[in-house]
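*Asks:* Provided below for reference: sequence and predicted model.
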Amino acid sequence: MTTDPRLFTDAALTSGATVPLTREDAHYLLNVLRRGEGDRVRVFNGRDGEWSAQISHASKKAAALTVEAQTRQQRGVPDLWLLFAPVKRQKTDLIVEKATELGVAAICPVTTARTQSDRIKYERFQTIAKEAAEQTERLDLPEIRGIDRLDRVLDAWPQDRALVFCDESGDEPDAAWGGARGRGQPMAAALAGLAEKPAAILIGPEGGFSPAERDRLRSLDVVIPVTLGPRILRAETAAIAALTVWQSVCGDWR
Ligand code: SAH
């Protein structure tokens, strides 16, 4: 593997194509990484695989690449979405970055009864996901959805997609895993048989899910309630842990 810098571009990639860089990418390449004309980079666009390229033009504020040859075939990530309720800014940023690294196909912020923030910085999420994808050798970017209310997302839920509900509560604290209607099954066990099937993971806000949300989620056939163990995790930890288990049991870590 080469250590040439990797950049995402919207442009089509074919041999000989010229790719103008955005101002941010030109700044990163020329001023931060101190590369110049003739230096090599790698580019990907989510469609055409990865290509080697050369910096063919560099001025103070602009740069362009000339695409050379394909170095990797296009390849996607497993069909996994992450639904999460935005928390504080730094932690939300962390969730977007780590979800991209861990290989989710779509990032879907949702508002719930106890969500702390119902606004997201959509462009900021896109920048974080782009940088994480560049760094992590992904060949695509996760799709970032606009924020929507959890109940509306559930109303329109595609019936062929399992919704893995990370449920922190238990109705019967003395019973193992909270009892029959209490804690969900341990996540790895609950996922057996779901490999390569479309899925989504749902993580709640710091305040957890309301009883009404929990009842509705538990009543839906597509929902698989799971526990991530006896300790209550912070939302960002829960997201990283759940994605790790899913990738190990159902995804491309197998
Ligand atoms: N305030 C809540 C905790 C919320 S933690 C409480 O004290 O009960 C934020 C989110 O992380 C939860 O909504 C859940 O989706 C997930 N989470 C945290 N710990 C979990 C666990 N042990 N099992 C399953 N999900 C968990």
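*Replies:* Looks like it came in fine.
*Asks:* Look up the closest residue to the residue of the chain found nearest the ligand, ignoring the ones flanking it.
*Replies:* Minimum separation of the chain from the ligand (C-beta to the nearest ligand atom) falls at Gly204, amounting to 2.4 Å. (Glycine included, C-beta is placed from N, CA and C.) In this structure, Gly204 finds its nearest non-sequential neighbour in Ala85, 5.7 Å apart by C-beta to C-beta, 6 or more residues apart in numbering.
*Asks:* which residues touch that neighbour?
*Replies:* Contacts for Ala85 were tallied using C-beta atoms under 8 Å, 6 or more residues apart in numbering; they are 109-112, 114-116, 150, 203-205, 235.
*Asks:* Ala190 too?
*Replies:* Neighbouring residues of Ala190 by C-beta under 8 Å, 6+ apart: 164, 184, 224-226.
*Asks:* okay, now Ala241: neighbour count?
*Replies:* Ala241 has 16 neighbours, counted by other C-beta atoms under 10 Å.
*Asks:* now do Gly204
*Replies:* 28.
*Asks:* so which helix or strand takes in Glu97?
*Replies:* Using DSSP states H and E, Glu97 sits in helix 89-102.
*Asks:* Around the ligand, which positions in the stretch 151-254 of the chain sit nearby?
*Replies:* Neighbours of the ligand within the stretch 151-254 of the chain, by C-beta under 6 Å from any ligand atom: 166-169, 203-204, 206-209, 227-229, 231-233, 235, 238.
*Asks:* from those, which ones fall inside helices?
*Replies:* Judged by DSSP state H, these include 235, 238 as members of helices.
*Asks:* Please produce a PyMOL select command covering the buried subset of the residues of the stretch 151-254 of the chain next to the ligand.
*Replies:* A single PyMOL command selects the buried members of those (16 or more other C-beta atoms under 10 Å):
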select buried, resi 166+167+168+169+203+204+208+209+227+228+233+235+238
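*Asks:* In strands, which of the residues of the stretch 151-254 of the chain next to the ligand fall?
*Replies:* Among those, DSSP state E puts 166, 203, 227 in strands.
*Asks:* Switch these over to a markdown table, and while doing so, append pLDDT and distance to Cys250 to every line.
*Replies:* As requested, these are exported to a markdown table (pLDDT from 0 to 100; distance: C-beta to C-beta, whole Å):
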| residue | pLDDT | distance to Cys250 |
| --- | --- | --- |
| Cys166 | 96 | 15 |
| Ile203 | 98 | 17 |
| Thr227 | 91 | 17 |
